[in-house]
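K.L.:
only the shape, not the letters, is given here:
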């Protein structure tokens, strides 16, 4: 019953909860649709690979030349509401990022590092600092943070129950992050949406 209720909520939010179970065609169609939808992103058609993370749908979708080729279930930072502003706020950032490194990780197999903070994140941080909206850390202000990425899990039961548990990263099942790491190269664009 919970699965049906969750699927209905995702459908109401504009998400397709069953997309990751449907086969997707890998060959690029000869005629490209003039608009974006979940299976084709026109803006990504010039990118060999692109990743789109939809937090409200709890998905990480992989696109090749604009066509979706894989969809993975994802969980996020402990504080899933609001925009990431500083280190320790436990939020997953939203915006356009790039995978800048891929490395093995002893805790969850793979870690795909994103270029957080980008220029937009730094601008928002400095505006919050000037407005006095950042918490103190000792005698100084809390920093902007870093080391945000996509990784596996050592908490598979939490991932399976849609519990957001990371400090701001995107967590996939270990087999899924291994597939993702093998698929996409460093330099892949990652769009994280609410």
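P.N.:
Looks like it came in fine. These numbers come from a predicted model, not from an experiment. Numbering: from 1, shown residues only.

K.L.:
and the pLDDT at the residue of the chain positioned farthest from its centre?
P.N.:
Each residue of the chain has a distance to the centre, and by Cα atoms, centre = their mean the biggest one is for residue 139: 33.4 Å. Reading off the per-residue confidence, residue 139 sits at a pLDDT of 88.

K.L.:
and the residue positioned nearest the centre of the chain, helix, strand or coil?
P.N.:
Most central residue of the chain, judged by C-alpha distance to the mean C-alpha position with Cα atoms, centre = their mean, is residue 53 at 3.9 Å. In the three-state summary, residue 53 is assigned as strand, counting by DSSP: H, G, I helix; E, B strand; the rest coil.

K.L.:
am I right that it is in contact with residue 180?
P.N.:
No - taking Cβ atoms under 8 Å as the contact criterion, residue 53 and residue 180 are not neighbours in contact, 11.2 Å apart. No exception for glycine: its C-beta is placed from N, CA and C like everyone else's.

K.L.:
wait, residue 85 sits on residue 134?
P.N.:
Yes - in this structure, residue 85 sits in contact with residue 134. The criterion is Cβ under 8 Å, and the distance is 7.3 Å.

K.L.:
touching both of the two, which residues are there?
P.N.:
Shared contacts of residue 85 and residue 134, defined by Cβ atoms under 8 Å, 6 or more residues apart in numbering, comprise 125, 128.

K.L.:
enumerate every residue touching residue 155.
P.N.:
For residue 155, the contact set (Cβ under 8 Å, 6+ apart) comprises 163, 165, 171.
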